[in-house]
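**Student:** Got a sequence here, can you build the structure:
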Amino acid sequence: MSIVPVSRLRSIASHLSKVRQDSFISRMMSDQKADPPLRIVLGAMDFGRYAKEPDSFSMIDMFLNDGHSEIDTALMYAGGKSEKILGRHAVCPTPKVKLATKVNPGGGKTLSYGSVMQQFATCSGSLNVDSIDILYLHLPDHDSPIEETLRAVNDLHKKGKFRRFGLSNFSSWEVTRIWYICKGNGWVMPTVYQGMYSAITRSVEAELLPALRTLGIQFYAYSPLGGGILSGKHSFELAAAPDSQAPGRFFGNNWASVYRDRYWHRDSFEAIDQIKAALKKNFGDEVTCADASLRWVLHHSALKSSCGDGLILGASKKHHLEANLKAIHGGPLPEDVVATFDNLWTVAAHHCPTYFR
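**Tutor:** Numbers count the residues shown, from 1 in each chain. Have a look, this model is predicted:
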């Protein structure tokens with residue numbers, strides 16, 4: 001019987017120890033949830049509207065406990081109630097949370113110098129803060145000189161009222177024009193854009209995203225579930241009797257017809273059914289259409305972590321946010337599922353609303 005040298009035994013023991021260690025680490029990693037590849041932002045649009053203050057507080061806590069810190073609101077959300085709820089939360093008006101809000105030209109307001117200043121004073125008062133992370137122009141004001149608007153934004157920035165300047169719902173040429181006006185005047189530059197983007201609304205990919213990449217502007221996607229149509233819970237036939245449906249995004253409110261015009265199309269529903277069938281084949285009942293739609297944005301869309309892009313998660317109910325937070329920790333989707341999402345865009349592209357206003 002041959003004798004194995006001691007050095008060889010030590011080598012074998014070392015190898016086995018490493019194998020066990022690697023196996024242990026692998027098991028530990030598999031038990032841990034993966035970090036999402038994009039910035040995750042809590043959208044507070046429904047706070048004070050569908051979500052009352054106690055539930056809104058619970059959702060804020062749930063979001064922060066999941067390891068995120070950016071929360072997005074606007075002066076126009078729920079008639080100003082959203083900002084006030086955030087301002088009354090114990091943690092939101094502290095440096096632990098990065099708040100973003102928006103001034104707008106709606107409801108008799110403008111984006112004139114004085115109106116921007118007054119709106120920000122209202123926003124900061126409601127939020128119970130002196131400064132915020134991001135100040136957005138919510139949408140264009142086609143009746144006020146843009147230079148006047150940008151001068152107001154810059155003066156607020158010089159006073160330390162916000163850190164980053166953002167745009168939302170502007171066309172690519174307007175973004176480019178604003179960027180060059182700010183650069184030419186030495187004013188604060190826009191560095192983040194918030195726009196509509198999901199597997200069923202991808203029009204920003206053609207022109208806006210390339211422009212933002214050239215200008216070094218991040219993209220934050222709102223409505224990643226297409227207003228809720230990508231939840232997979234709706235039926236096309238419901239629209240035949242809209243007045244008899246329960247109130248929600250698509251029925252029973254002033255914006256319902258707008259959302260139905262955007263998303264309520266028979267061919268889109270048929271494509272969504274194909275997504276649901278592919279998910280059933282791959283995951284059984286474990287992954288919903290909403291889960292997969294969020295994972296599509298995170299792993300298969302045109303958004304990039306290297307560009308600082310983000311995903312805005314909105315929710316009107318606690319269990320919706322809980323499900324969304326669980327979904328964002330899921331990994332990439334199987335190829336056949338991704339193919340059904342691509343097919344959805346093929347049939348829905350001609351229905352897609354413009355990303356600008």
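**Student:** Can you check the pLDDT for residue 7?
**Tutor:** Note on residue 7: pLDDT of 54.
**Student:** Equivalent analysis for residue 103, please.
**Tutor:** On the pLDDT scale, residue 103 gets 99.
**Student:** Please apply the same query to residue 30.
**Tutor:** We have a pLDDT of 36 for residue 30.
**Student:** For residue 270, I want the exact helix or strand it lies within.
**Tutor:** Using DSSP states H and E, residue 270 sits in helix 266-283.
**Student:** same deal with residue 295?
**Tutor:** Using DSSP H and E, residue 295 falls in helix 289-299.
**Student:** The following helix or strand past that helix - contacts with which helices or strands?
**Tutor:** Using DSSP H and E, the helix or strand that follows helix 289-299 in sequence is strand 310-314. Contacts defined by 3 or more CB pairs under 8 Å, 6 or more residues apart in numbering; DSSP states H and E place strand 310-314 against strand 39-43, strand 218-222, helix 289-299, helix 318-327. Quick note: C-beta positions are derived from backbone N, CA and C, even for glycine.
**Student:** out of those, nearest to residue 240?
**Tutor:** Ranking the helices and strands packed on strand 310-314 by proximity to residue 240 (CB to CB) places helix 289-299 first, at 22.0 Å.
**Student:** and the closest one with strand 218-222, angle?
**Tutor:** Computed by axes from the mean of the first three to the mean of the last three CA atoms, to 10 degrees, the angle separating helix 289-299 from strand 218-222 equals 180 degrees.
**Student:** So the nearest residue to residue 189 once chain neighbours are set aside versus residue 103, what's the distance?
**Tutor:** Sequence neighbours aside, residue 182 is the residue nearest to residue 189 in space, at 4.9 Å (criterion: CB to CB, 6 or more residues apart in numbering). Distance from residue 182 to residue 103, counting by CB to CB, to the nearest Å: 16 Å.
**Student:** Those two: who's more crowded?
**Tutor:** Relative neighbour count places residue 103 above the other of residue 182 and residue 103, with 28 against 18, counting by other CB atoms under 10 Å.
**Student:** Compute the number of surrounding residues for residue 245.
**Tutor:** By the other CB under 10 Å criterion, the neighbourhood of residue 245 contains 15 residues.
**Student:** Settle this for me: residue 39 is touching residue 310, isn't it.
**Tutor:** Yes: contact criterion CB atoms under 8 Å: residue 39 and residue 310 qualify, at 3.4 Å.
**Student:** re earlier: just list what the helix holding residue 295 packs against, helices and strands only.
**Tutor:** Applying 3+ CB pairs under 8 Å, 6+ apart, we find helix 289-299 packed against helix 266-283, strand 310-314, helix 318-327, helix 335-348.
**Student:** Those: which one's closest to residue 148?
**Tutor:** Judged by CB to CB, the one of these that comes nearest to residue 148 is strand 310-314, at 28.8 Å.
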